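Engineer: model the following, please.
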Amino acid sequence: MDGSGASAVPVNGKARTSSPCPPQSSGELRANPVTSASWINPDQPRDVSTLASYKDSYQDILNERRQDWDFVFMTRTRKDVPKYKHHVPRSPEDIKQHVLNSDRVKYTVERLHGEKKTSKAELLKQAEAILDEMAHALSMKSVRGFAFFLIKVFKQLFQRVYVNEEGVQMLRKMMHEYPVLLMPTHRSYMDFLLLSYVCYHYDLPLPAIAAAMDFKGMKFFGWLLRHCGAFYIRRSFGTDWLYWAVFTEYVQTQLRNGDAPLEFFVEGTRSRTNKSYIPKTGMLAASLESYFKAELPDTMMIPVTISYDRIVEESLYAYELLGIPKPKESTSALLKARSVLSDDYGCVHVFIGDPISIRQFSNGKIDRVLHSLEPRYINSVNKDEMKLINDLAFHIVRQQQRHLVISPWSLMAAILMQNREGIPVRQLVKEADWLKRQAYNLGAYVDWPGDLSTDDIIRRNLLLHKNVLTVSDDDMIELKLVRPGHVNKPIKDDILLNAATNLIVASYRNQVTHLFVRDALVALSVNSCTEETMSMDELFQKYSLLERYLSKDFVFQPGQTKQDFDLAILSLKHSGALVIADNFTHISDIAESKAAPNAAIVQVKKSFNKHTTFYSQMFEPFLLAYWVVCQHLLSIPIDVHGRPLPKRAKDLTKDVQKLAIRLLEENAVKHYEILSLDLINNGILMLMDVGTMYKDKRNNETWLSPNSVAVAAVADELGAYIELPSIPISNFTSSGRSLVMQAKL
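Structural biologist: As a prediction, the model looks like this:
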């Protein structure tokens, strides 16, 4: 959590006489004052009378809590809690003893005893210490106490918490019939708290939650989370085979016995950018190994999508992306951040998706009989199974994206990022209404109240996000500087402050990029064409190249490039954005075109329109950041062998950021997003993926050196799709200043 202050100085342009937000009407929402002891004082609930408690199969689970005693809810008897049909009751201590006595751990102890000459007693002692550090101690007494606290917090933070009840009823049935993996999106610290509260509210089993070690060190809260189902794991295990054995057995025994549904984040970590991250497969592989070895008849994976109108950590994320480290997770930091309880974070939507059966997903793709040749307790997932797991992980993320609830502010943010100098409210209303229709056409669920005018909806969302913008007396919207609340001294660097505000707004635009990215790749390809026409084959080649370049920032299902391309063509053609001719009217057209006679071609000039221009500009910052990475790599001095000097990966990222600062200072570029360390790092990973970087390991650190010829080729290809700096890049060097961190971190 973070508390952030905001300056009334506009980010761009001259200062105007302005108010921090639009004037409030009687129907608008107001934040209520809160004290540091708000969870024990009488409730001061938000005015949610203008918001529906039920809509489109979503039910607000805070509605009853605003009208009833929280203590009664906390102490009530939980009825008809489903249990896995083959479940044998056992305590958290019983689970730990099972792990220590398992064949897997015994086998690993024997192997390490022979390899490392460490005594078996010492290895078992290490295994016990790992379990003590890792295991949860789920207790309903602790859960009830924490639920009482969470109710108070959620009622202060959010207007509504909507849950699709059809998904809840489906989940209830699945939990009785199968072992269940709950796999939510990860945008906030609130994610696992909200999902656990949803389970408590609907009398579902509380999940065992895979949590990072960061939370373990929090005094009292680390203990409380452990007693509410969190089990703590390291971020990487390396070659610690004993840890691997204990971890794998701990996860799998709970699935086999159905002790609790298992919850983890397939993205691996919180998304600081509000986009879906490329999925990680380690936890998923450990969870599904029991199925591959025929220890389970099936396992159900449940994608859960959690959509926020406003992210509690928005300012924290922005400064973290700029290089200011986040505060360490601690109880004192949590208490200091309680000021966020006085702010309004809008609504939350929790969508519990359709179950994915591993049995059905893997049908015909793997052969489980192969595992009969070795003992089940030996860790082994073969090549075909790993490919299946990777495809499944991408499929789960795509299912999560399908059910994201798009807030009006996300559409507004996409427009604001293309109008940084300011935009009139009237124009924003018009543009948002247009973009909403495009989102609808692509199958998105847009949370757009039907009983309000577009103007009212826009003004409500301007009010909700008044911390990042001002609305002047003449209805002109401008961004304003957002100062961090987690540093001890003020930051005076305008580049840093401007970048932070832009990254906050861009993060909400990123909530809709998954909708438009495929159409945008076609739009970028068409807009970069210098010919009158373009063949579909050439267009597909350009699309495929851009997809590969952007594959570290956006989730593309492996092996589905042609299908995605065809759908994007169909979408743009349907909206009138792409003009395609199936034949030629004149013989001269055939001579001038590179396409074969009677082949479908794109009429380039007629396809320059609002759709293709808007989509291209939405994704230009990503390509520009990659281009800046290439320019820095091409400026690295060479060694005596004529090869650019190698650098540590983390130093390379910082040096690219220095070059980006110089470009922004000289107004050579306009996109502050190129300062994002996440975006720069993805650019470097992309260059490694396409084979333009030499990689070396030194003292457990990665050192990189560019292949200058290959990097230059990529830079030229990227430059064809974006507006390049008006000043020659040779005028800049990466030896310029870095961001001046005047704040004491």
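
Engineer: tally up the residues packed near His98, please.
Structural biologist: When neighbours are defined as other CB atoms under 10 Å, His98 has 16 of them. In short, each C-beta sits where N, CA and C put it, glycine included.

Engineer: now it: which helix or strand?
Structural biologist: helix 92-100 (DSSP states H and E).

Engineer: quick one: the helices in the stretch 551-700 of the chain?
Structural biologist: Secondary structure of the stretch 551-700 of the chain by DSSP state H, counting those that start in this stretch: the helices cover 561-574, 587-592, 610-634, 649-665, 677-689.

Engineer: looking at these, which one has the lowest mean pLDDT?
Structural biologist: Note on the helices of the stretch 551-700 of the chain: helix 587-592 shows the lowest mean pLDDT, a mean of 45.

Engineer: low-confidence stretches in the stretch 301-450 of the chain?
Structural biologist: Low-confidence segments of the stretch 301-450 of the chain (pLDDT under 70): 327, 329-339.

Engineer: can you give me the helices in it?
Structural biologist: For the stretch 301-450 of the chain, helices defined by DSSP H, counting those that start in this stretch occupy the ranges 314-322, 331-336, 358-361, 383-402, 408-416, 425-441.

Engineer: list the buried residues in stretch 623-634.
Structural biologist: For stretch 623-634, a neighbour-count test (16 or more other CB atoms under 10 Å) marks 623-633 as buried.

Engineer: quick one: the residues you listed as a markdown table, columns for distance to Lys216 too.
Structural biologist: Below are those laid out as a markdown table (distance: CB to CB, whole Å):
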| residue | distance to Lys216 |
| --- | --- |
| Leu623 | 40 |
| Leu624 | 40 |
| Ala625 | 35 |
| Tyr626 | 37 |
| Trp627 | 42 |
| Val628 | 38 |
| Val629 | 36 |
| Cys630 | 41 |
| Gln631 | 42 |
| His632 | 38 |
| Leu633 | 39 |
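
Engineer: which one of the residues you listed is nearest Phe158?
Structural biologist: Of all the buried residues of stretch 623-634, Ala625 has the smallest distance to Phe158: 33.4 Å, by CB to CB.

Engineer: which residues touch that closest one?
Structural biologist: 660, 671, 673-674, 676, 679-680, 683 (CB atoms under 8 Å, 6 or more residues apart in numbering).

Engineer: that older thread, which residues touch the helix holding His98?
Structural biologist: Contact with helix 92-100 is made by 90, 105, 124, 127-128, 131-132, 135-138, 246, 249-250, 253-254, 259, as judged by CB under 8 Å, 6+ apart.

Engineer: which ones among those map onto helices?
Structural biologist: Among the contacts of helix 92-100, DSSP state H puts 105, 124, 127-128, 131-132, 246, 249-250, 253-254 in helices.

Engineer: top of those by neighbour count?
Structural biologist: When neighbours are counted by other CB under 10 Å, Val246 leads those with 28 neighbours.

Engineer: from His371, how far out is that one?
Structural biologist: 21 Å (CB to CB, to the nearest Å).

Engineer: before we move on, what about Thr269?
Structural biologist: Using CB to CB, Thr269 is found at 31 Å from His371.

Engineer: looking at these two now, which is surrounded by more residues?
Structural biologist: Taking neighbours as other CB under 10 Å, Thr269 and His371 compare with His371 leading, 20 against 11.
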